[in-house]
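Student: kindly generate the corresponding structure for this input.
(one chain, ligands or ions: 1)
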Amino acid sequence: MTAPVPADVLSRLKAVLGQGGWSTDPERLAPKLIEWRDRWSGTSPFLALPGTTQDVAAVVGVCFEAGVPITPQGGNTGLVGGQIPQGEVLLSTERLKRIRDLDAIDDVLVAEAGVTLAEAHAAAGQARRRFPLGLASEGSATVGGFVSTNAGGTQVLRYGMARNLVLGLEAVLPNGEVWNGLKRLRKDNTGYDLKQLFIGAEGTLGVVTAAALKLYPEMASRAVALAGVASPKAALELLARAKAETGGAVEAFELMGRLGVEFALRNVAGTRDPLAEPHPWYVLAEFASGEAGSAEAAMERFLAGGLEAGLIEDAVVAQTEAQAKALWAIRENQSPAQKPEGATWKHDVSVPVSQVAEFLARATAAMQAFAPGARIAAFGHVGDGNIHYDVLRPDGGSDAEHAARRDAGSRIVHDIVHELGGSISAEHGLGAMKTAEALRYKSPVEVEAMRAIRRALDPKRIMNPRVLF
Ligand SMILES: Cc1cc2nc3c(=O)[nH]c(=O)nc-3n(C[C@H](O)[C@H](O)[C@H](O)COP(=O)(O)OP(=O)(O)OC[C@H]3O[C@@H](n4cnc5c(N)ncnc54)[C@H](O)[C@@H]3O)c2cc1C
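Tutor: Below is the predicted model of the structure:
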């Protein structure tokens, strides 16, 4: 727990923020002190609610001078506890809501940190453009949050992670200085690319206050289908065919095991079994194209080819937007559907795409030996080699007993990931949760280089001190 914030610092923060720019009301703070999965809760003596970049700079400046730590928070949808303060000043971006610019020639949207991803999508749509970052948390996740966590989501296969979707940034450095890097250039080869340091820094190098986001044209056609397959190996073969046959139209290629679908059927109202018979695994594929009718035709060819090759057991193609949404809902509800099922060891791991089937086979054999009866719900962005590999307590088993073995179980999964050349955090970051574990797998050279960058920018380590190395 962080040391108490001195009273004179609190007075100075109130003075620089003014009326409406802060709160100490426990009811106002409460929803920001607990996260979505109820796994992390925290405390804070002071909620800073800056309304401008200058306000942010003033808050950070006061804290830097006094050596008082800060936790930045956007939509509070992070899954690794990085946004939950443990006694620090909590700096919320909820009032940084302006869309500063939208330019269809530069293909750029300049949005402040507190704009939600859904609001960014809507703004881009006004210029017949898209911002192709898709997260199930998009109604709450913010620009500052998805930039700071380098979020991934469902369209990484085609457009890359947040890192690939940012042209420029504005940020307040830990000493309170404002860096205006809000360029909108496609080419800028003038030394270190500073914005890339802030992307994925999880709030440790400063506060992101605005971002220039890269836009893409709207698509004229889109096709969504769900296919039942026998194994992850069949899914990988289908992925290779989809990439080869569609000329880059694959937007998303997701994998789900049957157990996760059963959880959704049981625990998420309105879910319907997508195919007549159950299948061991399911692939959810989305193709999109700028040419009318082209995505639908590509999907038809792809499914027919997969069926003929014996890779697909059965499939359904969405005929309407509502059907497409219903298929996607099964995938997006994989995680929420687990909640009523009890304690879970969750893993957000990646391996080279070619190693996904090997990873699943090895991890499942190891878990069956270590935790007999544990229920394994694996799903994820198979096109990116990113699997959410969740190990739930045995049916009727004890939550407490399962939770007590989490670290040991996760260590086994992470060791397998490491042996296959993978990462123990594919898209959620390390936060407060996985930093110690990551130290086991990163080389000392890499960790020391990261620490040196952090020391240079934040010599007093006031920014999110519990997060990263
Ligand atoms: C249902 C659900 C589905 C999800 N699906 C995905 C997914 O598919 N892919 C994926 O990558 N993630 C996913 N996530 C995780 C999460 O939504 C993302 O990490 C999201 O980008 C976090 O945004 P946020 O605004 O909620 O950030 P927060 O949770 O508020 O913060 C996350 C981290 O960023 C820091 N931070 C926040 N704002 C700033 C800022 N302005 N400046 C500096 N640091 C800041 C915080 O200190 C913290 O360390 C999901 C979460 C949920 C609940």
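Student: contacts and neighbour counts: CA atoms only from here.
Tutor: Fine.
Student: tally up the residues packed near the residue of the stretch 301-450 of the chain found nearest the ligand, please.
Tutor: As assessed by Cα to the nearest ligand atom, the ligand sits closest to E427 within the stretch 301-450 of the chain, at 4.3 Å. Here the count is done by other Cα atoms under 10 Å, and E427 has 20 residues near it.
Student: wouldn't it be in contact with D348 here?
Tutor: Yes - judged on Cα atoms under 8 Å, E427 makes contact with D348 at a distance of 7.0 Å.
Student: which element is the residue nearest to the spatial centre of the chain on?
Tutor: Central residue of the chain (Cα atoms, centre = their mean): A151, 3.9 Å from the mean position. Under the criterion DSSP states H and E, no helix or strand holds A151.
Student: gap between it and the ligand?
Tutor: Distance, A151 to the ligand, by Cα to the nearest ligand atom, to the nearest Å: 3 Å.
Student: that residue touches M161, doesn't it?
Tutor: Yes - A151 is in contact with M161 according to Cα under 8 Å; the separation is 6.0 Å.
Student: just to revisit the earlier point, OK, contacts around the residue of the stretch 301-450 of the chain closest to the ligand?
Tutor: Counting by Cα atoms under 8 Å, 6 or more residues apart in numbering, E427 touches T149, N150, A151, G152, G153, D348.
Student: Provide the backbone phi and psi angles at the third one.
Tutor: So that's A151. Here is the backbone geometry of A151 (degrees, to the nearest 10): phi -60, psi 160.
Student: that one and V108: what is the separation?
Tutor: 19 Å (Cα to Cα, to the nearest Å).
Student: give me the lowest-pLDDT entry from the contacts of E427.
Tutor: pLDDT across the contacts of E427 is lowest for G153, at 88.
Student: quick check: which element contains that one?
Tutor: Element membership of G153 [criterion: DSSP H and E] is none; it lies in no helix or strand.
Student: I'd guessed L29 sits against P45; true?
Tutor: No - shown here, L29 and P45 do not form a contact pair, counting by Cα under 8 Å, at 9.1 Å.
Student: near the ligand, which residues of this structure are found?
Tutor: 36, 71-79, 82-83, 113, 135-137, 141-142, 144-146, 148-149, 151-153, 202-203, 206-209, 427-428, 431 (Cα under 6 Å from any ligand atom).
Student: can you tell me which of the residues you listed are in strands?
Tutor: Those of the residues of the chain next to the ligand mapping onto strands are T71, P72, Q73, V207, V208, T209, per DSSP state E.
Student: so, low pLDDT: which residues of this protein?
Tutor: Under the criterion pLDDT under 70, no range of the chain is flagged.
Student: cutoff 80 now
Tutor: In the predicted model of the chain, residues 1, 37 satisfy pLDDT under 80.
Student: surely G168 meets L182?
Tutor: Yes - at 4.3 Å, G168 and L182 qualify as touching, with contact defined as Cα under 8 Å.
Student: spit out the residues that contact the two alike.
Tutor: Common neighbours of G168 and L182 (Cα under 8 Å, 6+ apart) are A211, A212.
Student: what about these two, which has more around it?
Tutor: Neighbour totals were compared for G168 and L182, and G168 leads with 23 against 18 (other Cα under 10 Å).
Student: got the contact list for the more buried one?
Tutor: Counting by Cα under 8 Å, 6+ apart, G168 touches G181, L182, K183, R184, L185, K195, A211, A212, L213.
Student: which single one of these is nearest to A252?
Tutor: Set against A252, the nearest of the contacts of G168 by Cα to Cα is L213 (20.5 Å).
Student: now do the same end-to-end measure for stretch 382-398.
Tutor: Taking Cα to Cα, the first and last residues of stretch 382-398 lie 31 Å apart.
Student: got a list of contacts for it?
Tutor: Against stretch 382-398 from outside (Cα under 8 Å, 6+ apart): 156-157, 236, 239, 252-255, 341-356, 367, 372-381, 399, 402, 426.
Student: which among the contacts of E427 end up buried?
Tutor: When the contacts of E427 are checked for burial by 16 or more other Cα atoms under 10 Å, the buried set is T149, N150, A151, G152, G153, D348.
Student: any chance of those in JSON lines, plus distance to E286?
Tutor: Converted to JSON lines, those look like this (distance: Cα to Cα, whole Å):
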{"residue": "T149", "distance to E286": "25"}
{"residue": "N150", "distance to E286": "22"}
{"residue": "A151", "distance to E286": "20"}
{"residue": "G152", "distance to E286": "16"}
{"residue": "G153", "distance to E286": "13"}
{"residue": "D348", "distance to E286": "22"}
